[in-house]
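Q: Let's see this in three dimensions:
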Amino acid sequence: MGTESRGAREEGRVRKAPPRRPVPVFRMQQTSTEQANKTIVDFDRIRAAVRPVLAAHGVSLVDLEWGTDHGAWTLRFTIESNEAAASMSSDPAGGVSLDQCADVSRDISTVLDEVDAIAHAYSLEVSSPGLDRKLHSPADFVRFRGQSARVKLARPAPDGQRLLRGELLEAPENKVAVLVDGKRIEAPLDDVVEARLVYELAPAPKKTKGSGAGKSQRVKPKGQNR
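A: Numbers count the residues shown, from 1 in each chain. The predicted model follows:
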């Protein structure tokens with residue numbers, strides 16, 4: 001899962017009487033709910049409903065999203081292992097495997113059917129954070145310090161930039177600091193609109209006499225477990 005941009009993920013459709021096989025992540029069910037109501041989802045109710053499922057599988061909820069994907073409504077759970085969360089692991093994938101995502105998806109699907117949390121057709125997706133993991137809290141900026149990130153700001157930084165891309169640095173409380181092109185840039189955390197880690201490729205080595213063509217290699221983010 002180290003080279004997947006979105007981490008471990010399983011996709012498919014879940015029927016009312018699925019065959020005995022690895023359960024896919026996506027589930028579709030049809031109802032007559034009006035289109036206008038499709039944007040209304042009770043996140044608190046969903047979180048409360050799936051909390052026992054996540055605890056049973058030893059994982060934590062990193063993010064919960066609701067929106068359209070290629071015209072279809074999607075409920076997306078991003079999870080990581082409790083061990084990774086507790087240890088503040090710098091592995092952006094969160095220590096979750098593809099099989100775990102499939103198992104969690106199966107049980108979440110069952111629970112959401114029981115509580116009838118969403119009445120209309122939608123897709124269910126469960127995945128690990130991945131190498132382009134979103135950063136949601138001040139703790140995330142501390143946890144992934146030293147890794148490359150892309151930080152979008154609501155207001156320009158002191159040097160006029162709204163999009164900072166570079167290495168996350170140690171910063172004062174309530175601020176984020178990024179090393180951009182060798183220059184340290186700070187901005188208030190309140191100004192951060194969106195932030196996520198960036199997966200980078202190493203530059204191709206230069207050709208030397210008597211050697212073949214250089215090949216680019218993938219570089220794991222700093223701190224990622226081998």
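
Q: Can you pull the poorly scored residue ranges out of the protein?
A: 1-39, 201-226 (pLDDT under 70).

Q: Domain ranges for it, per the record?
A: By the assignment in automatic domain parsing, the chain contains the domains 35-127, 138-197.

Q: okay, these in TSV with mean neighbour count next?
A: From N, CA and C alone the C-beta is placed, and that goes for glycine too. Converted to TSV, the domains of the chain look like this (neighbours: other C-beta atoms under 10 Å):
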stretch	mean neighbour count
domain 35-127	17
domain 138-197	16
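
Q: Grab the most central residue of this protein for me.
A: For the chain, the residue sitting closest to the mean C-alpha position, by C-alpha atoms, centre = their mean, is P129 at 3.1 Å.

Q: Kindly list the main-chain dihedrals of it?
A: When read as degrees, to the nearest 10, the backbone of P129 gives phi -60, psi -40.

Q: Send me the strand or helix carrying L54 as CSV with only the CA atoms.
A: For L54, the element it lies in under DSSP states H and E is helix 43-57. Provided in CSV are the C-alpha atoms of helix 43-57 (Å, rounded to 0.1, in the frame of the first residue of the first chain):
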residue,chain,number,x,y,z
PHE,A,43,-22.8,13.1,10.7
ASP,A,44,-23.2,12.9,14.5
ARG,A,45,-25.7,10.1,14.1
ILE,A,46,-23.4,8.2,11.7
ARG,A,47,-20.4,8.6,13.9
ALA,A,48,-22.3,7.3,16.9
ALA,A,49,-23.6,4.4,14.9
VAL,A,50,-20.2,3.2,13.6
ARG,A,51,-18.2,3.9,16.8
PRO,A,52,-18.6,0.3,18.1
VAL,A,53,-17.6,-1.1,14.7
LEU,A,54,-14.4,0.9,14.6
ALA,A,55,-13.6,0.0,18.2
ALA,A,56,-14.1,-3.7,17.5
HIS,A,57,-11.7,-3.5,14.6
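
Q: Toward the C-terminus, what is the element adjacent to it?
A: Immediately after helix 43-57, counting by DSSP H and E, sits strand 59-69.

Q: And that next one, how far out from the chain middle?
A: Distance of strand 59-69 from the chain centroid (C-alpha atoms, centre = their mean, to the nearest Å) equals 8 Å.

Q: go on, stretch 69-83?
A: In this view, stretch 69-83 has its centroid 8 Å away from the chain centroid, taken as C-alpha atoms, centre = their mean.
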